[in-house]
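**Student:** could you look at this predicted model? Sequence included:
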Amino acid sequence: MTHRNERTLSVGALARVEGEGAMYVRVDGSTVQEVRLDIYEPPRFFEAFLRGRSYTEPPDITARICGICPVAYQMSACRAIEDACGVTVDGSLNDLRRLLYCGEWIESHALHIYLLHAPDFLGYPSAIDLARADRALIERGLRLKKAGNTVMETLGGRAIHPVNVRVGGFYRTPSPTELRPLAETLRHALDDALATVRWAAGLDFPDFSHDHEYLALTTDDRYPLESGTPRTTGGRSFTADGFEHHVVETPVPHSTALHARLTDGALYMTGPLARFSLNRDRLPPIAAQVAADAGLGAECRNPFQSIVVRAVEIVCAVEEALRLISTYRPPERPHVPVPPKAGVGHGVTEAPRGLLYHRYDLDAQGRITIARIVPPTSQNQAAIEDDLRRFVAARLDLDDSALTRACERAIRNYDPCISCSTHFLDLTVDRR
Amino acid sequence: MTIVIGVGDRFRRDDGAGPAVVEALRGRTPDGVTLAVTDGEPARLIELWAGADLAIVVDAVRAEPSRPGRVHETGPDAVPRSGGSASSHTLGLGEAVALGRAMDRMPKELRVLAIEGAQFGWGCELTPPVAAAVETVAERIATLLARRRTPHGGRDMA
């Protein structure tokens, strides 16, 4: 460690397929020269794949972009296409969409908290080692995940790539009787969700914070999921069709993903911390209470505490799902007609990882001429790199392997699509 | 209960081999056999196979040296922890086996059929040797299942 001027930490195979994602940190003396996070980005392939296809196809096709958040892609796609065609889906059809989305949040957050994030806090190399040491803890995570899964199966037809969603609504809507067993499952899940918050609040959090502008949807009365208006902690507010005016994506040489910034160049972040900070007063009652009990203030600016915020959001999703089931009145028809129309449509919803934007340009027959998809992970990439730069600069006394582990842990705070594989990295450390 | 699980992503070329085998098996399995497709996320895998008498998992692999279309048949002990599977899964099949064992959620018998792939980039087409292997593997599974008929009701989860 002593006579070394330049250090390079290089982590290959961050992504699921070798070579598609990597972390690179170059330190010169006591200065962090460079931090690069190379995140692969499947939406670019799908944007091209969608061109020339029918406006009815994006919900099914884009659901395949991510196995963990297919509903998010379906919901943003439906919103954008309905916007292009001048159709609004509301009432109990929108409630069912929200219910389906709750299932995805529960499943995705439970996966991240218990199988990916918890081992970092408890000092285990993986969830498997943690499961051997504390099986009851992982059992709770799997029960929660399964509850979310059950919501998705009941409404979506199946859990992984739901097939029941279509432009205008659903192919088939459930009867209140069909939703009853779901309520029973969710009542048990609420106990597990509350226990998750209490457990997460007691973890030790490294001292770190950031001051990025936060971007999230907001609504008048409810915590945002399937709809809302984009707003930032810096006071910006715009409708979905203004997204591309307020967010500028530029290519960077080291990544296939584009880097997003706000139009004045400001770094910003989307995701649970942003959602919570902009919507804390819209949490349903139980979630609001446990957030306060967990010691979360008006804003949360320590990315390590995102595990607590995700836990609160699981409570929120379970509570919302129970409310939606208890007030459910079946819609008159499973979907509203959406006749094709030439035009441009924009859709934004809150994926578990943050704001997900879709835009479709349609011709008069409803053929897609342009598709644009901006996922949360690529929006956050520049801000994550900025966080890592400061995080590394404060920990230069660590040796290479400890510093690399710390960086991997820091990256997992943001739950990027690649986070799942970062427990099992092929690691190389170059010293120059 | 018997379940056949195709693991993979049909938008990642040869990674779609597992789901393609499940597709090819439709209508060719005895009553009582469940067909499922999943992305390989361990919690989902163990949820699918927990309690099964027999689980057959079909996955794509990258091998070195490579012979695309070659089929490897193994049991749970021969599945490596990460690195072996080139599929776009969150974690590998090896992690699912390890997690399943830690949580006591393994099938009574687990068979893994791994098809060596060549191309894992974006796209929907299987390469010709992998497409040929898909039919071979489907036939092998159909024959195996016909010999081990189970009386219980199965589900189509694919």
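**Tutor:** That came through fine. Numbering: from 1, shown residues only, chains lettered A, B, ... in the order given.
**Student:** so residue B:126 touches residue B:14, yeah?
**Tutor:** Yes - counting by Cβ atoms under 8 Å, residue B:126 touches residue B:14, with 5.7 Å between them. From N, CA and C alone the C-beta is placed, and that goes for glycine too.
**Student:** more neighbours, those two?
**Tutor:** Using other Cβ atoms under 10 Å in any protein chain shown, the more surrounded residue of residue B:126 and residue B:14 is residue B:14, with 31 against 25.
**Student:** A strand includes that one, no?
**Tutor:** No - with DSSP: H, G, I helix; E, B strand; the rest coil as the criterion, residue B:14 is assigned helix and is not in a strand.
**Student:** quick one, what contacts the closest residue in space to residue A:165 that isn't next to it in sequence?
**Tutor:** Counting by Cβ to Cβ, 6 or more residues apart in numbering or on different chains, residue A:165 lies nearest to residue A:74, which is 4.6 Å off, once chain neighbours are set aside. Contact partners of residue A:74, counting by Cβ atoms under 8 Å, 6 or more residues apart in numbering or on different chains, are A:59-60, A:62-63, A:162, A:165.
**Student:** report the central residue of chain B.
**Tutor:** Within chain B, one residue has its C-alpha closest to the average C-alpha position: by Cα atoms, centre = their mean, that is residue B:58, at 1.8 Å.
**Student:** mind listing what's buried in the lengthiest helix in chain B?
**Tutor:** Secondary structure of chain B read by DSSP state H shows that its longest helix is helix B:128-147. Of the residues in helix B:128-147, those buried under the neighbour-count criterion (16 or more other Cβ atoms under 10 Å in any protein chain shown) are B:129-130, B:133-134, B:137-138, B:141-142, B:144-145.
**Student:** ok, stretch B:28-38 next?
**Tutor:** Buried, per 16+ other Cβ under 10 Å, within stretch B:28-38: B:29, B:32-38.
**Student:** quick check: pLDDT value at the residue nearest to residue A:337 when sequence neighbours are not counted.
**Tutor:** Using Cβ to Cβ, 6+ apart and skipping the chain neighbours, the partner closest in space to residue A:337 is residue A:168 (6.5 Å). Here, the pLDDT recorded for residue A:168 equals 98.
**Student:** for the stretch 251-400 of chain A, which segments count as helices?
**Tutor:** Using DSSP state H, counting those that start in this stretch, the helices of the stretch 251-400 of chain A run over residues A:272-279, A:285-293, A:306-326, A:376-393, A:400-412.
**Student:** swap in the stretch 51-200 of chain A?
**Tutor:** So, for the stretch 51-200 of chain A - with DSSP H, counting those that start in this stretch - the helices run A:58-62, A:70-84, A:91-110, A:118-122, A:127-133, A:135-156, A:176-201.
**Student:** buried deepest among those helices, which one?
**Tutor:** helix A:70-84 (a mean of 28; mean count of other Cβ atoms under 10 Å in any protein chain shown).
**Student:** pLDDT of that one, averaged?
**Tutor:** Taken as a whole, helix A:70-84 has an average pLDDT of 97.
**Student:** which single residue in the stretch 101-250 of chain A comes nearest to chain B?
**Tutor:** Closest residue of the stretch 101-250 of chain A to chain B, Cβ to the nearest Cβ: residue A:131 (3.9 Å).
**Student:** can you give me the pLDDT of that residue?
**Tutor:** 96.
**Student:** one more: residue A:19?
**Tutor:** We have a pLDDT of 33 for residue A:19.
**Student:** again with the one 5 residues further on
**Tutor:** Looking at residue A:24, its pLDDT is 79.
**Student:** do the same with residue A:367
**Tutor:** Per-residue pLDDT puts residue A:367 at 98.
**Student:** residue A:336 too?
**Tutor:** For residue A:336, the predicted pLDDT is 98.
**Student:** surely it meets residue A:92?
**Tutor:** No - contact status for residue A:336 versus residue A:92: not in contact, 11.5 Å apart, counting by Cβ under 8 Å.
**Student:** with adjacent residues omitted, what lies nearest to residue A:69?
**Tutor:** On the basis of Cβ to Cβ, 6+ apart, the spatially nearest residue to residue A:69 that is not a chain neighbour turns out to be residue A:351, at 5.0 Å.
**Student:** OK, contacts around the one you found?
**Tutor:** Counting by Cβ under 8 Å, 6+ apart, the residues that residue A:351 touches are A:69, A:72-73, A:76, A:375-376.
**Student:** do you know how far it is from chain B?
**Tutor:** Spatial separation of residue A:351 from chain B under the definition Cβ to the nearest Cβ, to the nearest Å is 16 Å.
**Student:** where's that residue relative to residue B:102, distance?
**Tutor:** Distance, residue A:351 to residue B:102, using Cβ to Cβ, to the nearest Å: 30 Å.
**Student:** quick one: average confidence on stretch A:176-191?
**Tutor:** Predicted confidence along stretch A:176-191 averages 96 (mean pLDDT).
**Student:** and what of stretch A:296-316?
**Tutor:** Averaging pLDDT residue by residue across stretch A:296-316 gives 97.
**Student:** can that stretch be found next to chain B?
**Tutor:** No - counting by Cβ under 8 Å from any Cβ of the partner chain, chain B has no neighbours in stretch A:296-316; the shortest distance is 15.0 Å.
**Student:** quick one: buried residues of that stretch?
**Tutor:** By neighbour count, and taking 16+ other Cβ under 10 Å as the criterion, the buried residues in stretch A:296-316 are A:296, A:300-316.
**Student:** where along chain B do the strands fall?
**Tutor:** B:2-7, B:33-38, B:54-61, B:71-74, B:109-116, B:156-157 (DSSP state E).
**Student:** can I get the CA coordinates of the second one in CSV?
**Tutor:** What that stands for is strand B:33-38. Taking Å, rounded to 0.1, in the frame of the first residue of the first chain, the C-alpha atoms of strand B:33-38 are listed here in CSV:
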residue,chain,number,x,y,z
VAL,B,33,-46.6,-33.0,-15.6
THR,B,34,-46.2,-29.2,-15.0
LEU,B,35,-44.5,-27.1,-17.6
ALA,B,36,-42.8,-23.8,-16.6
VAL,B,37,-40.6,-21.2,-18.0
THR,B,38,-38.5,-18.9,-15.8
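**Student:** and it, how far out from the chain middle?
**Tutor:** Once both centres are worked out by Cα atoms, centre = their mean, to the nearest Å, strand B:33-38 turns out to sit 9 Å from its chain's centre.
**Student:** what sits closest to residue A:339 if chain neighbours are left out?
**Tutor:** Counting by Cβ to Cβ, 6+ apart, the nearest residue to residue A:339 once its immediate chain neighbours are dropped is residue A:85, at 6.6 Å.
**Student:** now do the contacts for that neighbour.
**Tutor:** Under the criterion of Cβ under 8 Å, 6+ apart, the contact list for residue A:85 reads A:55, A:167, A:338-341, A:343, A:345, A:362, A:366.
**Student:** please report how far it lies from residue A:225.
**Tutor:** For residue A:85, the distance to residue A:225 (Cβ to Cβ) stands at 22 Å.
**Student:** the domain parsing of chain A - what is it?
**Tutor:** Per the record's domain assignment (automatic domain parsing), chain A is made up of the domains A:6-41+A:381-431, A:43-379.
**Student:** burial of residue B:20, as a residue count?
**Tutor:** Per other Cβ under 10 Å, the neighbour tally for residue B:20 reads 25.
**Student:** likewise for the one 4 residues further on?
**Tutor:** Burial measure for residue B:24: 18 neighbouring residues, criterion other Cβ under 10 Å.
**Student:** measure it to residue A:307 for me?
**Tutor:** Residue B:24 sits 42 Å away from residue A:307 when distances are taken as Cβ to Cβ.
**Student:** next: residue B:128.
**Tutor:** As defined by Cβ to Cβ, residue B:128 lies at a distance of 47 Å from residue A:307.
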